[in-house]
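*Asks:* Quick check, what structure comes out for this input:
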Amino acid sequence: MLRLMALVVPIAIGDSLNPSTIAPALYLASGERARKSVAAFTAAVLLVHLAGGAAIALGPGQLVLSLLNQLGQRIGDILAIAAGAAMTMVAGVMWYKRRRLAQKELPSPNPKGRSSALLGATIIAVELPTAFPYFAAIALIIGSRQPTASQALPLVLYNTCFVLPLIAILLTLMLAGDEADTRLTRARASLQRRWPSVVALLLLLVGVSFAALGAGALI
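*Replies:* Alright, predicted model coming up:
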């Protein structure tokens, strides 16, 4: 279990540096009732992301695991190597284009007509089908073949790590006082510059981990 968590946590921390969630949270932090809005947004992101992961793990995840068991461990290891190689290639392309991607403006969603919680839930619902790092972590959790109840702990841990930047924004609003706007503005500028590099390194980490796990099992 500790080995599984050691694999899941770095993926979650890298995945947490996600412009799709951080940028809206920074936008809400600059508006009216900032603390309440960011808190509601964070709670919605956490709950919907966790519920989506649990649904995947208990539904399609179990079906895939059953299929892999029928195909045999060797085929599963080969597929893990192939998936790892594909993610590594995508990471290389993203790293190559990181400067161009960093020039694109981060989204500034307009939550008019929607509550902050609904905004967070909608963003996660749209993003979830392409949440490849999350899928990789879920695959590791399912592949560990731990009892279902035991799989809940690393899943909750992943989602807690996933919302850490949002919690940091909320704590900044609560503790920084008059300096909150300045600090959050700097955070947005830093995210603007660095998110392509961070995502590329995350994909590289996940890809290499999958390939290494598959190759290690074949040897």
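*Asks:* Could you use CA atoms for every contact and neighbour count after this?
*Replies:* Will do.
*Asks:* For residue 40, grab the count of nearby residues.
*Replies:* Counted with other Cα atoms under 10 Å, residues neighbouring residue 40 total 18.
*Asks:* could you say what helices and strands the helix or strand where it lies packs with?
*Replies:* Assessed by DSSP states H and E, residue 40 sits inside helix 34-58. Identification of packing neighbours for helix 34-58 by 3 or more Cα pairs under 8 Å, 6 or more residues apart in numbering; DSSP states H and E yields helix 19-29, helix 116-127, helix 132-143, helix 148-162, helix 164-175.
*Asks:* Pull out the buried residues from it.
*Replies:* Along helix 34-58, the positions that meet the burial threshold by neighbour count (16 or more other Cα atoms under 10 Å) are 34-35, 37-50, 53-54, 56-57.
*Asks:* Go ahead and confirm residue 4 touches residue 138.
*Replies:* No. The pair residue 4 / residue 138 is not scored as a contact, 10.7 Å apart, by Cα atoms under 8 Å.
*Asks:* after the lowest-mean-pLDDT helix or strand in the chain comes which helix or strand?
*Replies:* Confidence across the helices and strands of the chain bottoms out at helix 60-71, with a mean of 57, counting by mean pLDDT, DSSP states H and E. Following helix 60-71 in sequence order, the next helix or strand is helix 73-96 (DSSP H and E).
*Asks:* what's the spacing between that next one and its chain's center?
*Replies:* A distance of 18 Å separates the centroid of the chain from that of helix 73-96, by Cα atoms, centre = their mean, to the nearest Å.
*Asks:* Pull out the buried residues from whatever helix or strand comes next after that helix.
*Replies:* Read in the C-terminal direction, the helix or strand following helix 73-96 is helix 98-102, with elements assigned using DSSP H and E. Across helix 98-102, burial judged by 16+ other Cα under 10 Å covers 98, 101, 102.
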